[in-house]
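>>> Here is a sequence with its predicted model. Questions after.
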Protein chains: 2
Amino acid sequence: MPYMSTVFQAAMEAGVSIRSECGGKGACGKCKVIIRDSKVVNEVTELERKHLSRQEIDSGYRLACQTRILGNVTVMIPLESRLVTRKFQLGGLERHVELKPAVRKFHVKLPKPTLSDAEPDLERLLEALSQQIPNAGELEISYEILRNLPKILRDADWSVTVTVWDDRNIIAIEPGDTLSVLFGFAVDVGTSKIVGHLVNLRTGETVSVGAIENPQLIHGEDIITRLTFAITDETRLRTLQKLAIDGINKVIREACANARVNSSNVYEVVAVGNTAMHHFLLAIQPKYLSLSPFTPAVKKQVSVATKNLNIGVNQGGILTFLPLIAGFVGADAVADVLATGIHESDELSLLVDVGTNAEVLIGNSRDILSCSCPSGPAFEGAHIKYGMKATSGAIEKVQINSHYEVHYETIGNTKPTGICGSAMIDIVAELFKRAVIDNHGRFNPCIETRRLKENNGEKEFIIAWKDETTTGREITVTQKDISEIILAKAAIYAGASILMRRINVEAKDLNKVFIAGAFGNYINLGNAKLIGLIPDVPTQKVTLAGNAAISGAKMALISKEARKAADILSKKTRYLELTTDPLFNAEFVHAMFIPHKDLSRFPSVKGI
Amino acid sequence: MPYMSTVFQAAMEAGVSIRSECGGKGACGKCKVIIRDSKVVNEVTELERKHLSRQEIDSGYRLACQTRILGNVTVMIPLESRLVTRKFQLGGLERHVELKPAVRKFHVKLPKPTLSDAEPDLERLLEALSQQIPNAGELEISYEILRNLPKILRDADWSVTVTVWDDRNIIAIEPGDTLSVLFGFAVDVGTSKIVGHLVNLRTGETVSVGAIENPQLIHGEDIITRLTFAITDETRLRTLQKLAIDGINKVIREACANARVNSSNVYEVVAVGNTAMHHFLLAIQPKYLSLSPFTPAVKKQVSVATKNLNIGVNQGGILTFLPLIAGFVGADAVADVLATGIHESDELSLLVDVGTNAEVLIGNSRDILSCSCPSGPAFEGAHIKYGMKATSGAIEKVQINSHYEVHYETIGNTKPTGICGSAMIDIVAELFKRAVIDNHGRFNPCIETRRLKENNGEKEFIIAWKDETTTGREITVTQKDISEIILAKAAIYAGASILMRRINVEAKDLNKVFIAGAFGNYINLGNAKLIGLIPDVPTQKVTLAGNAAISGAKMALISKEARKAADILSKKTRYLELTTDPLFNAEFVHAMFIPHKDLSRFPSVKGI
């Protein structure tokens, strides 16, 4: 039988995005589509029967990745399987830095050459620049610009604006005086989303922002799925690279269009992201990130000509990826530190960045310790039956009263489609408060409410009734969903706890706790503490830092000093490999209680 | 009428080289071909009648550049119109320099990463290198190598050899210990020829040489013709670039094959050449070299990745073009100075490099002055009726006895085809000694010999009789030929004289005179002085430096100190524009006598 492409593949090729966490392997069950004519596709497979209810199968539901096309087929993609625009956390905590970007412009007027002054073009230019740049004689010029220098200078009648990068390279020469247009772009290449800020480098001001789902999502929602996809061959790595670059280019175009800025006046892009995103974007062999001891190819700052990456900014532009810390603590964590200023304070701070993965850092101006927590992407809606990202239609806040009645709010105030991470925290906290679940997260069988029911032998709690939802089906939270959230929060808390133990401090010693990440600003801090996601500190010590990574990237874009600080951070921040830490197992197991096995760690929760 | 390509163009496209000085404009008359079937080509043009004798036309001779192809045509290219292998001056005066090349290799064994030492690959490599290179931490790695670093290191089981360029860039990483194979290539990109030396950079020894006609010759033998061709559009400039690179690659292949060296073990190419060759090779807009004030785009050393130029050496290789002095004094002159050591001596030296053009330099360790002489390529056989380059069949030495009988020697001891530059010096000197010409170079009508005859109203002297030659035609020297040689030598002498006058010295103050250039080692010094080509100094003060340019290039390849000296030379050597110098006209006119109008300048010749 000849090989037939699947609905998932065909959609991908046609540029239509279907939701998937596993990248099309039949593992996640999230790529549900509806096919009315069963004769033009293969029969329902065993694998699909695991993910689809009988009712769904009867209604024509299939998994796109398991459905092979045998003829002309019409496919409906239900709302729940679509990748739609999310409620992106576009910005974060910002700190002032002195304006001193790596790209600078200089306008010079050169004397025309004569027989008595026939100094060559480049030397003439450097001589003129030397009045504004002390080391002008040592500037390097790109070969491409040198080739055209005679024409550029004469076409401009010897009046040009020179763009210098890092006091080292001449990256652009433009006719006339273009000092007034000098822009840079900061971009956070997240596993799920790409967020970019267009910055006026003359003022340091953000002039517009843009964001997009990371187009790599079609190859899996989590890092490991994408790593598994990419490491087999160079072509696949290049595919992921191209998707990331396409995404970045879209964000740049969007931000530039909104601010009416010509993208050719963007001279530097400062990127942050986790280590895998770093390797994918730069098409650096990522194989060894997925194998112990999880070694990156490089951690120091990498600068590459944007031309080599096909990034749509100035022809001579530079992309600088901020330095990393380790295989699972990336440039986004470095940027988080920059944005929160942990490294500049004498007092102790804890930082938790919850994204598709979670990183935790603790420290002050003397020392910083970091780790990556195997939290999984549950807080992003993955592995949760009705989980979804914080897009329109997601339930984002939940309250449950003493009669077990549920009050929820959705993003966009629409009918609900599913539940996002912040609401999952609320649900677990509220169910615990109402004793619907015990401190292991197990449903209490004695609770009497028609919201608690059993489905295929598994207990679940109904958050939204059939007639309330967009899909016409109930939205529930299952026993497994609660376990996923507890596993995730336990991993994060265990990470924080081990870091604290390694430097011999307790929750009371923490001066500040920063919660960064896409869902950061939407969570209920009381509930986060109640379920034991973060150590028990007074709420006024907790700062929601939002997308601190993009803030840190912007600081490095605006300020060479911040960039230098990032380099130092990358070198001095210690990395602790949690999975092999002898304390980890016990810490993890104890954190799998709500809020914790050792209630003395959560005095403020104790009363509930 | 549709456009028909010419025989010249068709030959070029087919990769067949036909001699041409004017690049196919019908100006030089050197692209003679024989076409037996006149029906498949256009009729003989007026222009061709000027260059071809009636007898030639009757025999089917045509100019390839004026002959348009109308059908299938068979073309014979007579020997005289072929570009054949020349008697290249492959080497020159060499001076010892300390072995300290810009490319260096370091073999390192890295500890394998473990969970307790998960330092990234690049940092691990730099750390290991830091035991051999103090500034290892600051080395830059090319993006292409970084991308593959994880694979390279693991495939090599953590034992690699790193090639570092200029203490700045990691340009190659090879598995295992490859310290024993480290080569560099020095290349002199001459207007007429490309000469290359393959050098073992572990020992500084030249292991083989290669040479080829400059393939750009099909677009004109002289620089101005090629400049005129190149400046109209980028495509043509790229054509010249590609031809130069093809030539360099052939020379590299030849030299590597002879020495059984793998060209991927060549890590740096150091190139020299005049300013036009520099711009052509690097595809830098050369338009302004041909317009006053003849300004180059750059004079300082340019280093470009060989990959960007498609030069067939190591993938990470670097091509370094030595610095220039001015629009018409190029890197070859800088290399001449390096090779002769003028800049290191306290005593005064004069250097004359006679190639397709002539450069003259005078100076010592304190100061050097340079100029370019509008000598034209007469010494290379151009503009001389039976002139040819120093290839097989060229008359290279001539003696004429008191009975006006001619004794000549040819290159390769074959029958003569034409006359090359060294023989032209001999002929003018001998004819003058025998009073066949006067001190203006005019034939003496009173001399009785059947060798002196008139042809179309112009006097000529027969050097070889019909039955002695390969062409079956006499080889003669015409009144115009003698004038061309006198013009050429007058330009060179005038240049030297003006330089001497500008620093207030006379011939007696010269400690050394170097004659460099392709024909250098074959000329009769006595005759050169007799015709007034060089100032009248004792012969023991004259050194034939041969291809000093390639020697200087090799020094810069072997020694970073020599390269630094070249940079300083480029900056400090003053350039004198002869054509606008108020002394030039008088000096030129006075030098148009044999040996000079002012005989007191040539005391040793006075007696003859």
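Arrived safely, thanks for sending. Here the structure is a predicted model, which means the values were calculated and not measured. Numbering: from 1, shown residues only, chains lettered A, B, ... in the order given.
>>> near chain B, which residues of the stretch 1-150 of chain A?
With C-beta under 8 Å from any C-beta of the partner chain as the criterion, the stretch 1-150 of chain A meets chain B at residues A:113-115, A:117-123, A:143, A:146-150. (C-beta placed from N, C-alpha, C; glycine too.)
>>> Please pick the buried ones from those.
Buried positions within those, assessed by neighbour count (16 or more other C-beta atoms under 10 Å in any protein chain shown), are A:113, A:118-123, A:143, A:146-150.
>>> can you pull out the strands in the stretch 101-250 of chain A?
A:103-109, A:140-141, A:159-165, A:169-175, A:183-189, A:193-200, A:205-213 (DSSP state E, counting those that start in this stretch).
>>> Where does pLDDT dip in chain A?
A:1-3, A:14-15, A:79, A:82-90, A:518-521, A:608 (pLDDT under 70).
>>> follow-up on the earlier one: among the buried ones among the residues of the stretch 1-150 of chain A next to chain B, which pair sits farthest apart?
A:118 and A:143 (23.1 Å; C-beta to C-beta).
>>> Please identify the buried residues of stretch A:154-172?
A:154, A:156, A:158, A:160-166, A:169-172.
>>> which one of those residues sits closest to chain B?
residue A:154 (7.4 Å; C-beta to the nearest C-beta).
>>> so what's the residue nearest to that closest one when sequence neighbours are not counted up against?
Nearest residue to residue A:154, sequence neighbours excluded (C-beta to C-beta, 6 or more residues apart in numbering or on different chains): residue B:288, at 7.4 Å. Contact analysis of residue B:288 by C-beta atoms under 8 Å, 6 or more residues apart in numbering or on different chains lists A:121, A:150, A:154, B:294-297.
>>> Quick check: phi and psi at the spatially most central residue of chain A.
Residue closest to the mean C-alpha point of chain A, counted by C-alpha atoms, centre = their mean, is residue A:190 at 2.4 Å. As for residue A:190, its main-chain torsions (degrees, to the nearest 10) stand at phi -90, psi 160.
>>> Report the backbone C-alpha coordinates of stretch A:39-54 in PDB.
C-alpha atoms of stretch A:39-54 as PDB (Å, rounded to 0.1, in the frame of the first residue of the first chain):
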ATOM      1  CA  LYS A  39     -14.900   6.400   3.100                       C
ATOM      2  CA  VAL A  40     -12.100   8.800   2.000                       C
ATOM      3  CA  VAL A  41      -9.900   8.100   5.100                       C
ATOM      4  CA  ASN A  42      -8.600   5.000   6.800                       C
ATOM      5  CA  GLU A  43     -10.600   3.300   9.500                       C
ATOM      6  CA  VAL A  44     -10.500   4.400  13.200                       C
ATOM      7  CA  THR A  45      -7.300   3.000  14.700                       C
ATOM      8  CA  GLU A  46      -6.900   1.400  18.200                       C
ATOM      9  CA  LEU A  47      -4.800   4.400  19.200                       C
ATOM     10  CA  GLU A  48      -7.600   6.800  18.400                       C
ATOM     11  CA  ARG A  49     -10.100   4.700  20.400                       C
ATOM     12  CA  LYS A  50      -7.900   5.400  23.400                       C
ATOM     13  CA  HIS A  51      -8.200   9.200  23.000                       C
ATOM     14  CA  LEU A  52     -11.800   9.500  21.600                       C
ATOM     15  CA  SER A  53     -15.000   8.600  23.300                       C
ATOM     16  CA  ARG A  54     -17.500   6.400  21.500                       C
END
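>>> ok, and residue A:476, which helix or strand is that part of?
Assigned by DSSP states H and E, residue A:476 belongs to strand A:475-478.
>>> do the helix or strand following that strand and chain B meet?
Per DSSP H and E, the first helix or strand lying C-terminal to strand A:475-478 is helix A:479-502. No - if you take C-beta under 8 Å from any C-beta as the test, helix A:479-502 misses chain B, and the best it gets is 14.4 Å.
>>> next SSE after helix A:479-502?
strand A:512-516.
>>> got the angle for that following strand vs helix A:479-502?
Here strand A:512-516 runs at an angle of 140 degrees relative to helix A:479-502 (axes from the mean of the first three to the mean of the last three C-alpha atoms, to 10 degrees).
>>> got the contact list for the next helix or strand after strand A:512-516?
Heading C-terminal from strand A:512-516, the first helix or strand you meet, by DSSP H and E, is helix A:525-530. Here helix A:525-530 makes contact (C-beta under 8 Å, 6+ apart) with A:425-426, A:428-430, A:432-433, A:515, A:534, A:536-537, A:539, A:542, A:544, A:594-595, A:602, A:604-605, A:608.
>>> still on that earlier bit, how much space between the residue nearest to the centre of chain A and chain B?
21 Å (C-beta to the nearest C-beta, to the nearest Å).
>>> Quick check: phi and psi on the residue nearest to residue A:92 when sequence neighbours are not counted?
Distances taken as C-beta to C-beta, 6+ apart place residue A:546 nearest to residue A:92, at 3.6 Å, with adjacent residues excluded. For residue A:546, the backbone dihedrals (degrees, to the nearest 10) come out as phi 60, psi -140.
>>> ok, now residue A:309?
Residue A:309 adopts backbone torsions of phi -110, psi 0, taken as degrees, to the nearest 10.
>>> Contacts only, for the closest residue to residue A:200 other than its chain neighbours.
If the residues on either side of it in the chain are set aside, residue A:200 comes closest to residue A:207, at 5.3 Å by C-beta to C-beta, 6+ apart. Residues counted as contacts of residue A:207 (C-beta under 8 Å, 6+ apart) are A:183, A:198-200, A:255, A:259, A:261.
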